[in-house]
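Participant: give me a 3D structure for the following:
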Amino acid sequence: MKYITTIGEREFLVEILSDDQIIVNGKLYHVDFQDISEQPVYSLLLEGKSIEAYVYPVEKTWQVLLNGRFYPALVEDERERSLRVAAGSQVQGRGEYQLKAPMPGLVVTVAVVEGQQVEKGEVLVVLESMKMQNELKSPRSGTVSRVRVASGDRVEQQETLLTVS
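Facilitator: Numbering: from 1, shown residues only. Take a look at the predicted model:
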């Protein structure tokens, strides 16, 4: 099966050959992908290198926290992609974007205030979970229209932290 994965402005063509082989943009990779204890935490062995990521679905996208960076990803099979393109819809950039906690944790810092203009990639919130501080960044430019948390708040997975319009 072939999938088109869009992260920000970049697209990746992913073809799953078997449980341990995938092709990404024409390059073959040997992988081992496992979920960890029924949590949204996944372990990926990619060409012998261990990678850990938090992955969970939100509406039509996947939220991925990898190496302290936050990536909203749209994953479509070829048919879904063709239908979306034919309908003329956009991946991102219109409407409100709700930043949700990728895992339960403690809000260390809220780096923005309501009404503040933000650029794509700007740090919005620092969330501590499992003794790691994770910078959650804006997937697009816009205005912070609502902040729902403050430093010191404990949050649950998928709890809305703030909204960017």
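Participant: can you check the pLDDT for Ser82?
Facilitator: At Ser82, the pLDDT value in this model is 65.
Participant: what of Ala86?
Facilitator: Confidence score, pLDDT, at Ala86: 54.
Participant: got it, and Ala111?
Facilitator: What the model reports as pLDDT for Ala111 is 95.
Participant: show me the contacts for the closest residue to it other than its chain neighbours.
Facilitator: The shortest distance from Ala111 to any non-neighbouring residue, by C-beta to C-beta, 6 or more residues apart in numbering, is to Val123 (5.0 Å). C-beta coordinates here come from the backbone N, C-alpha and C atoms, glycine included. Val123 is in contact with 111, 135-137, counting by C-beta atoms under 8 Å, 6 or more residues apart in numbering.
Participant: repeat that for Leu124.
Facilitator: Residues in contact with Leu124 (C-beta under 8 Å, 6+ apart) are 99, 110-112, 118, 136-138, 144, 161-162, 164.
Participant: dump the residues you listed to JSON lines, plus secondary structure.
Facilitator: JSON lines is the format used below for the contacts of Leu124 (DSSP: H, G, I helix; E, B strand; the rest coil):
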{"residue": "Leu99", "secondary structure": "strand"}
{"residue": "Val110", "secondary structure": "strand"}
{"residue": "Ala111", "secondary structure": "coil"}
{"residue": "Val112", "secondary structure": "coil"}
{"residue": "Val118", "secondary structure": "strand"}
{"residue": "Leu136", "secondary structure": "strand"}
{"residue": "Lys137", "secondary structure": "strand"}
{"residue": "Ser138", "secondary structure": "coil"}
{"residue": "Val144", "secondary structure": "strand"}
{"residue": "Leu161", "secondary structure": "strand"}
{"residue": "Leu162", "secondary structure": "strand"}
{"residue": "Val164", "secondary structure": "strand"}
